[in-house]
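K.L.:
Return a 3D structure for these sequence lines:
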Amino acid sequence: MTEKEVDELISSLRELTSTHDRYVIRRASCAVEFEYLLDDGTLINSDNGIARHNDAKEQLKNYLLYRGYTFIGVGVFHKAL
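P.N.:
Just a heads-up that it's a prediction; the model follows:
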């Protein structure tokens, strides 16, 4: 994704309001460790999710642009696998 596409994606996301809320991301080369329930009801396995912090959207931007992660969706932490 380009920086402009990442900025547009991030600006469209809801804020994380609960301690269980996550921006769910995944990197293909990492082991799946967690299960998340996305806002649309989909249960997904992933290796990473960004929790509620003052800079959560900035962290998400860095993961997408510089660390090779793919955005999956917004949801809540369900369980560790």
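K.L.:
What number of residues are in the vicinity of residue 23?
P.N.:
25 (other CB atoms under 10 Å). For every residue, glycine as well, the C-beta is placed using N, CA and C.
K.L.:
Please, which helix or strand holds it?
P.N.:
Per DSSP states H and E: residue 23 is located in strand 21-26.
K.L.:
now swap in residue 50 and tell me
P.N.:
Counting by DSSP H and E, residue 50 is found in strand 48-51.
K.L.:
Packing partners of the strand holding residue 23?
P.N.:
Identification of packing neighbours for strand 21-26 by 3 or more CB pairs under 8 Å, 6 or more residues apart in numbering; DSSP states H and E yields strand 34-38, strand 43-46, strand 48-51, helix 56-66, strand 70-80.
K.L.:
What strands line up against it, and which way round?
P.N.:
When sheet partners are counted by DSSP bridges, strand 21-26 sits next to strand 48-51 (antiparallel), strand 70-80 (antiparallel).
K.L.:
deepest of the ones you listed, which one?
P.N.:
strand 48-51 (a mean of 20; mean count of other CB atoms under 10 Å).
K.L.:
which residues are in contact with that one?
P.N.:
Contacts of strand 48-51 with the rest of the structure, by CB atoms under 8 Å, 6 or more residues apart in numbering, involve 16, 19, 21-27, 30, 34, 36, 56, 59-60, 63, 69, 75, 77.
K.L.:
can you check stretch 2-22 too?
P.N.:
With contacts defined as CB under 8 Å, 6+ apart, stretch 2-22 is touched by 1, 23, 36, 39, 49-52, 56-57, 60-61, 64-65, 71, 74-77.
K.L.:
Repeat the analysis, applying 6 Å as the threshold.
P.N.:
For stretch 2-22, the external contacting residues (CB atoms under 6 Å, 6 or more residues apart in numbering) are 36, 49, 51-52, 56-57, 61, 64-65, 74, 76-77.
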